[in-house]
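# Any chance you could fold what I've pasted below:
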Amino acid sequence: MKPDLEHSLDSVKTLGHGLVRPECVLATASGDLYTADWRGGVAHLHADGRQSLYSGVAPEGIALKPNGIALLRNGDFLITHLGDEEGGVYRLQRSGQVSPWLTSVAGVNLPPTNYVVEDSLGRFWITVSTRLKPRSLGYRRECNDGFIVLVDGRGARIVADGLGYTNEVAIHPNGQWLYVNETFARRLSRFPLHTDGSLGTKEVVVEFGAGTFPDGLAFDEEGGVWVVSIISNRLIHVASDGKPSTWLEDSDAAHLTWVETAYESGSLGRPHLDGIKSHLLRNISSIAFCGPDRRSAVLGCLLADHLFTLPMPVAGVAPTHWNYPSYE
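Here you go, the predicted structure:
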């Protein structure tokens, strides 16, 4: 695949309206799209063009700040709460009822929580980027306190720790590896995945260079990984041999220089993430293959009120929820 940046950006279209921080996006075979929404729940972009919002308030009046979402077979959602102080995973019904699903591990309350995904065996993988407060203290190369939680029939437990701002995770289609983006360590890593859910020794798949801060990821049917980078709005293809190539980018050179200076000096903060300069994309953070043949992609983002979609050169692997029923 030969990247064509100008053509790729020209082919990007917008989708949806009025969304609030649609950071994580899911797609299904029925044409439904779901995205996290900071109005307290999940926005549903129906295949016929309608939009719905499922939202509610958690017990004790906690106003949810959804970051990652997972679609369950019965139509409910799991939501990771990216609170200022607290985190956890909550279950949201489409009626608006919210209940705690996982708020602590090994007796310790979960910090602001990043992502949740279900695998083909019905296990759930959850990430926490950092234990530092505020989280912006973790926007450093030396950040190494992120972790991964596994929830299965044995309960919840931390299966990996010491990660560099843990973001999205995904299981390789062969079922033998768990891949993870370490955003501010700027690397895509993987762990051997054992049958009992335990993980082997971490391997680095690729170290990214200046301007790349990997967030979301998805596998294609040819064995490649597609990684999206916040700040630089890069969509990067990582081949099965670990070679990365930039397929799409929408960034401003002067802004990236400013960001790099802050990153190298250990002073990167919210202004660098929230003040990006771009033509169209607005801090892309998530990718899901979509369409009847999964040869399109939809991108979630941090700063727009809509999603982005574009054609892809290869079909994506169907996620666990791909054929889950469509509910109103």
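
# Thought Val89 was touching Ser99, still the case?
No: under the criterion of CB atoms under 8 Å, Ser99 lies out of contact with Val89, with a separation of 10.5 Å. No exception for glycine: its C-beta is placed from N, CA and C like everyone else's.

# overlap in contacts of these two?
Shared between the contact lists of Ser99 and Val89 (criterion: CB atoms under 8 Å, 6 or more residues apart in numbering) there are no residues.

# Tell me which of the two has more neighbours.
Neighbours were tallied for Ser99 and for Val89 using other CB atoms under 10 Å; the higher tally belongs to Val89 (23 against 12).

# Go ahead and confirm the more buried one touches Phe77.
No: look at Val89 against Phe77 with CB under 8 Å: they stay out of range, at 10.3 Å.

# since we're on the closest residue to Gly122 other than its chain neighbours, how many residues are nearby?
Spatial nearest neighbour of Gly122, chain neighbours left out: Asp152 (7.7 Å); criterion: CB to CB, 6 or more residues apart in numbering. Here the count is done by other CB under 10 Å, and Asp152 has 16 residues near it.

# so Asp152 makes contact with Arg123?
Yes: applying CB under 8 Å, one finds Asp152 in contact with Arg123, separated by 4.3 Å.

# So which bits of stretch 181-201 are buried?
Applying a neighbour-count criterion of 16 or more other CB atoms under 10 Å, one finds 181-191, 193, 197, 199 buried in stretch 181-201.

# One more: stretch 201-218?
The neighbour-count check on stretch 201-218 (16+ other CB under 10 Å) flags Lys202, Val205, Val206, Phe208, Gly211, Thr212, Phe213, Pro214, Asp215, Gly216, Leu217, Ala218 as buried.

# Can you flag which of those residues belong to strands?
Using DSSP state E, the subset of the buried residues of stretch 201-218 located in strands is Val205, Val206, Phe213, Pro214, Asp215, Gly216, Leu217, Ala218.

# contacting residues for the fifth one?
Shown in contact with Asp215 (CB under 8 Å, 6+ apart): Asn167, Glu168, Asn181, Thr183, Val227, Val228, Ser229, Ile230, Ile284, Ser285, Ser286.

# That one and Gly122: what is the separation?
For Asp215, the distance to Gly122 equals 26 Å [CB to CB, to the nearest Å].

# same question, the first one
With distances defined as CB to CB, the gap from Val205 to Gly122 amounts to 26 Å.

# What is the neighbour count of Ala253?
Based on other CB under 10 Å, the number of other residues close to Ala253 is 9.

# For it, grab phi and psi.
Backbone torsions of Ala253, given as degrees, to the nearest 10, read phi -60, psi -40.

# Repeat that for the one 10 residues further on.
When quoted as degrees, to the nearest 10, the phi and psi of Tyr263 stand at phi -60, psi -50.

# cool, and Trp258?
For Trp258, the backbone dihedrals are phi -60, psi -40 (criterion: degrees, to the nearest 10).

# Quick check: closest non-adjacent residue to it.
In space, Trp258 comes closest to His272 once its chain neighbours are excluded; the distance is 7.1 Å by CB to CB, 6+ apart.

# so how far is Ala185 from that neighbour?
Noted for His272: a distance of 17 Å to Ala185, by CB to CB.
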